[in-house]
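K.L.:
output the structure for:
(one chain, ligands or ions: 2)
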Amino acid sequence: MTNQVSNNTESSSVTVTTGHRHSRSVSTSNSSSSSAYHHGFPFFFSSRPSSSAMQLVFFAHEDTSESTRAALVQTATQLGYTTVDVPSLEQASSQRAATVVLLSLGDKMGRTVLSAQDQLAPVLEPIKRIVKNSKKQTFVVVHGAGVTQDPFARMGLTNCGANMVTDNLEALREALSQVAQGAAQVCTMPPLVCSYCGLCFDKAEALVNHVPLYHVNDNDRRDTCGICNDNVRQKSWPRHIHSHKHNDMPRKHGDARKKHHHVQKEDMPFASFALVLIRRPSDGKFLLVQEFSNEGYWMPGGHVDQGETLQQGGIREALEEVGVHVTLTGILSLEYMPLPTYLRITAVFLAEMTDPSEPNKTLPDFESVGSAWVSLEELKVLNKMNLLRGKEPLKWATYLTEGKPVGSMEILPDFGYLYTDVDDDDDDDD
Ligand SMILES: [Zn+2]
Ligand SMILES: [Zn+2]
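P.N.:
Ligands and ions are numbered 1, 2, ... in the order given. Reported below is the predicted structural model:
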């Protein structure tokens with residue numbers, strides 16, 4: 001079944017097979033061949049005659065094992081997606097309702113750091129085209145262990161419009177399930193329209209689920225919320241949409257960020273943050289969050305919520321942004337900074353995964369696009385390529401690798417609850 005075609009040279013030849021029947025080898029030595037790659041590919045495609053059709057277009061690189069192919073297709077079909085052959089990708093991406101394009105690249109592609117972009121060249125152009133032709137209404141998933149954990153491959157794929165890069169079947173199942181739920185509620189006379197792609201939904205809940213899943217990495221500026229029609233800035237859009245999650249009724253922008261009821265010990269309000277550097281002892285890599293809106297990689301972390309300690313805030317942010325439970329093992333920094341209108345406290349913790357076998361996050365949502373394990377060397381390159389949201393991960397990874405001291409968790413003063421009570425989204429978190 002699997003052809004013996006090498007994909008490791010610069011002028012690579014990539015074979016993509018579909019399902020169990022077809023295979024084709026196409027030279028991809030330059031960009032002009034992308035249409036050849038694109039044109040002749042048979043692939044599975046599914047369609048239902050109803051408005052809630054759930055369609056799966058499935059590609060598999062030759063490196064993808066038969067068992068993986070079967071598992072991927074089965075994951076979709078179990079949720080009600082069906083697959084049939086169609087002659088071209090364009091045809092698939094112009095279908096309405098829930099169309100999912102699933103590309104499996106096997107485990108090897110992306111393993112060689114920095115050559116990933118060359119390896120991926122034959123895939124990136126078709127992804128761009130699918131996204132463009134479908135007006136972002138197609139959900140594009142790239143599956144493969146190599147590309148998922150390679151920060152450069154992951155960034156390259158998502159920046160071309162791939163919605164999700166994953167090596168985790170459970171995360172894939174959850175994404176396809178959410179796409180299907182949205183499709184079930186798609187209507188023709190919409191009260192709610194997604195301002196990114198034009199898909200419409202009967203219920204606010206469906207739009208609230210749809211936007212972060214499909215568009216959390218979108219750079220396009222959106223000024224108007226489809227739910228409440230308020231103006232929202234680009235950066236805060238995913239957070240704004242999320243503010244509707246527990247309140248589907250239209251409301252004024254800002255309600256979600258109204259001040260907490262508590263009174264501080266001091267009159268001056270404060271904002272406190274917890275950042276977490278998660279290190280894997282086995283290989284010394286660091287787990288970084290891929291921030292939304294193409295902001296780059298960063299350390300997991302954020303505002304400490306009401307009722308949380310700094311430690312609890314850090315643990316929660318790690319779970320939300322990179323999807324793993326962590327144990328805080330030390331303090332890298334604790335900064336107390338009085339600003340003109342408020343006090344700012346920032347803690348930087350060192351942490352390890354509580355369960356080293358737990359998969360890191362690959363399901364996009366309003367918190368992040370996903371996550372990746374990154375070495376110090378890769379961090380340096382990411383920094384040079386301007387693919388870090390801020391320099392903190394490089395700073396602290398370097399600090400740690402140089403063997404500089406880490407404070408014991410026991411020296412952390414008992415601040416009590418240091419939740420944020422000012423909205424400082426306008427500030428640069430750097
Ligand atoms: Zn949309
Ligand atoms: Zn809104």
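
K.L.:
how about the residues of the stretch 201-350 of the chain near ligand 2?
P.N.:
225, 227, 228 (C-beta under 5 Å from the ion). (C-beta placed from N, C-alpha, C; glycine too.)

K.L.:
the second one - that's part of a strand, no?
P.N.:
No: membership of residue 227 in a strand is not supported by DSSP: H, G, I helix; E, B strand; the rest coil, which gives coil.

K.L.:
before we move on, the earlier item: now render the residues of the stretch 201-350 of the chain next to ligand 2 as CSV, adding neighbour count, distance to ligand 1 and pLDDT.
P.N.:
Shown next, in CSV, are these (neighbours: other C-beta atoms under 10 Å; distance: C-beta to the ion, whole Å; pLDDT from 0 to 100):
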residue, neighbour count, distance to ligand 1, pLDDT
225, 20, 13, 77
227, 23, 13, 75
228, 20, 16, 79
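
K.L.:
and of those residues, the nearest to residue 350?
P.N.:
Nearest to residue 350 out of those is residue 225 (C-beta to C-beta; 38.1 Å).

K.L.:
was I right about the closest one contacting residue 239?
P.N.:
No: using C-beta atoms under 8 Å as the test, residue 225 is too far from residue 239 to be in contact (11.2 Å).

K.L.:
low pLDDT regions in the chain?
P.N.:
1-53, 84-97, 110-118, 184-191, 221-222, 234-236, 238, 246-268, 414-430 (pLDDT under 70).

K.L.:
got the domain ranges for it?
P.N.:
As assigned by automatic domain parsing, the chain contains the domains 13-183, 185-257, 270-411.

K.L.:
ok, the residues of the stretch 201-350 of the chain next to ligand 2 vs residue 377, which is closest?
P.N.:
With C-beta to C-beta as the yardstick, the closest approach to residue 377 among those comes from residue 225, at 41.5 Å.

K.L.:
distance check, the residue nearest to that closest one when sequence neighbours are not counted against ligand 1.
P.N.:
Nearest residue to residue 225, sequence neighbours excluded (C-beta to C-beta, 6 or more residues apart in numbering): residue 232, at 5.1 Å. Distance, residue 232 to ligand 1, by C-beta to the ion, to the nearest Å: 15 Å.

K.L.:
what of residue 302?
P.N.:
Distance, residue 302 to ligand 1, using C-beta to the ion: 25 Å.

K.L.:
tell me which helix or strand that residue sits in.
P.N.:
In the assignment (DSSP states H and E), residue 302 maps to strand 301-303.

K.L.:
tell me the helix or strand right after that strand.
P.N.:
Note on strand 301-303: by DSSP H and E, the next helix or strand toward the C-terminus is helix 310-322.

K.L.:
does anything pack onto that following helix? Which helices or strands?
P.N.:
Applying 3 or more C-beta pairs under 8 Å, 6 or more residues apart in numbering; DSSP states H and E, we find helix 310-322 packed against strand 270-278, strand 286-290, strand 301-303, strand 326-338, strand 343-353.

K.L.:
let's have those strands in CSV, adding mean neighbour count.
P.N.:
Converted to CSV, the helices and strands packed on helix 310-322 look like this (neighbours: other C-beta atoms under 10 Å):
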stretch, mean neighbour count
strand 270-278, 25
strand 286-290, 28
strand 301-303, 22
strand 326-338, 16
strand 343-353, 21
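
K.L.:
now tabulate these in a markdown table and tack on distance to residue 104.
P.N.:
Below are the helices and strands packed on helix 310-322 laid out as a markdown table (distance: least, C-beta to C-beta, whole Å):
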| stretch | distance to residue 104 |
| --- | --- |
| strand 270-278 | 28 |
| strand 286-290 | 20 |
| strand 301-303 | 33 |
| strand 326-338 | 30 |
| strand 343-353 | 27 |
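
K.L.:
nearest to ligand 1: which residue in the stretch 251-400 of the chain?
P.N.:
Per C-beta to the ion, residue 364 is where the stretch 251-400 of the chain lies closest to ligand 1, at 12.5 Å.

K.L.:
need the CA coordinates for stretch 161-169. CSV is fine.
P.N.:
The C-alpha trace of stretch 161-169 is given here as CSV (Å, rounded to 0.1, in the frame of the first residue of the first chain):
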residue,chain,number,x,y,z
GLY,A,161,-4.8,28.9,7.7
ALA,A,162,-4.8,25.5,9.2
ASN,A,163,-7.2,25.6,12.1
MET,A,164,-5.6,22.9,14.1
VAL,A,165,-2.4,20.9,14.2
THR,A,166,-2.6,17.8,16.3
ASP,A,167,-1.2,14.4,17.1
ASN,A,168,-4.0,13.6,19.5
LEU,A,169,-7.1,11.6,18.4
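
K.L.:
brilliant, that's me finished.
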